[in-house]
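> coords below, sequence missing:
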């Protein structure tokens with residue numbers, strides 16, 4: 001988990017970079033994010049070459065979050 005005190009601190013850059021590095025090593029990386037910023041999810045999906053999901057139950061609903069964790 002990456003967290004910072006404020007926006008613009010580099011969380012997305014760092015998490016996308018780590019995700020991409022792991023993905024290039026042929027590891028299956030499934031990135032998740034929490035919060036209303038939809039662009040982070042797009043960058044993380046591109047870095048991982050697979051879908052990233054939002055874990056914010058206020059935005060997506062508790063059932064959706066449970067369902068994505070049930071996926072393999």
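Received, thanks. Because the structure is predicted, anything quoted here is derived from the model rather than measured.
> can you pull the contacts of the closest residue to residue 49 other than its chain neighbours?
Leaving aside its chain neighbours, residue 49 sits nearest to residue 23 (5.7 Å; criterion: C-beta to C-beta, 6 or more residues apart in numbering). All C-beta spots, glycine's among them, are computed from the backbone N, C-alpha and C. Each residue near residue 23 by C-beta atoms under 8 Å, 6 or more residues apart in numbering is listed here: 29, 47-49.
> Mind picking the lowest-pLDDT entry from those?
Scanning the contacts of residue 23 for pLDDT, the low point is residue 29. It has 91.
> mind listing what the residue most central in space within the chain touches?
Using C-alpha atoms, centre = their mean, the residue of the chain that lies closest to the mean C-alpha position is residue 32, 2.8 Å off. The contact partners of residue 32, taken as C-beta under 8 Å, 6+ apart, are 52-55.
> What subset of these is buried?
Buried subset of the contacts of residue 32 (neighbour count, 16 or more other C-beta atoms under 10 Å): 52-54.
> Just the mean pLDDT for the helix or strand containing residue 19, thanks.
For residue 19, the element it lies in under DSSP states H and E is helix 11-24. Mean per-residue pLDDT for helix 11-24: 95.
> for that helix, which positions count as buried?
Buried-residue list, helix 11-24, by 16+ other C-beta under 10 Å: 11-12, 15-16, 19-20, 23.
> Then stretch 41-61?
For stretch 41-61, burial by neighbour count (16+ other C-beta under 10 Å) applies to 41, 43-45, 47-48, 52-54, 56.
> Now the two most distant members of the residues you listed.
In terms of C-beta to C-beta, the buried residues of stretch 41-61 reach their longest pairwise distance at 47 and 56, which sit 19.6 Å apart.
> can you count the residues close to residue 70?
By other C-beta atoms under 10 Å, 7 other residues sit near residue 70.
> if we can go back for a sec, mind putting the contacts of residue 23 into a markdown table with secondary structure?
Listed next are the contacts of residue 23 as a markdown table, based on DSSP: H, G, I helix; E, B strand; the rest coil:
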| residue | secondary structure |
| --- | --- |
| 29 | coil |
| 47 | helix |
| 48 | helix |
| 49 | coil |
